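>>> Got a predicted structure plus its sequence, pasted below:
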Amino acid sequence: MPGEEVKKAKNLQEAAEQGKEEKTCQEKCSICWTDFQYSCYHVDELDETRKLCCWMTASEWGWILLFFFVLYAYDVAFFALLLNFQVSFGVPVLYGYLAVFIVAVIGIAICVYIGHQQHLQMEETKRATRRAIEGDEKV
């Protein structure tokens, strides 16, 4: 009967909830602190030579900083040039600026898409490696 199944499911759910022990604030903070320490610094499980700070190596952080520095320098030079052109030639230059902006947005969208595809491939490779390792351990 459907009514009995629903009642049985509720009883099972209540039994599961009663079996759960509520963690104290200290236990929750301890778990959080352990997770935080692991995120801040740990050694990669797949490659023991990679020491990760906030999930990235020092060279990866350097590449990110270099990228942002170059991006900032490019933006400053680009907008200074556009401001100079606008002062010199007037409002029609702003249409050129709009066209350049649209092309830049399309270029960035393409780069993000390609980067995301590469990231998905890398994650699938890591996942397959983990499955192979776990499969070897089970044998």
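That came through, no problem.
>>> And the helix ranked longest in the chain, what does it pack against?
In the chain, taking DSSP state H as the definition, the longest helix is helix 92-138. Under the contact definition 3 or more C-beta pairs under 8 Å, 6 or more residues apart in numbering; DSSP states H and E, helix 92-138 sits against helix 58-89. Quick note: C-beta positions are derived from backbone N, CA and C, even for glycine.
>>> and the helix it packs on, how far from the chain's centre?
Averaging C-alpha positions (C-alpha atoms, centre = their mean, to the nearest Å) puts helix 58-89 24 Å from its chain's average.
>>> could you check the angle helix 92-138 makes with it?
170 degrees (axes from the mean of the first three to the mean of the last three C-alpha atoms, to 10 degrees).
>>> Mind listing what's buried along helix 58-89?
Leu82 (16 or more other C-beta atoms under 10 Å).
>>> again, but for stretch 87-100
Burial within stretch 87-100, assessed by neighbour count using 16+ other C-beta under 10 Å, is assigned to 93, 97.
>>> For it, give the mean pLDDT please.
Averaging pLDDT along stretch 87-100 yields 88.
>>> who touches that stretch?
Contacts to stretch 87-100, defined as C-beta atoms under 8 Å, 6 or more residues apart in numbering, come from residues 82, 85-86.
>>> any idea which helix or strand comes after the worst-scoring helix or strand of the chain on mean pLDDT?
Here the helix or strand of the chain ranked lowest by mean pLDDT, DSSP states H and E is helix 2-19, holding a mean of 57. Using DSSP states H and E, the helix or strand that follows helix 2-19 in sequence is helix 25-40.
>>> ok, residues contacting that next one?
So helix 25-40 is in contact with 23, 53-55, going by C-beta under 8 Å, 6+ apart.
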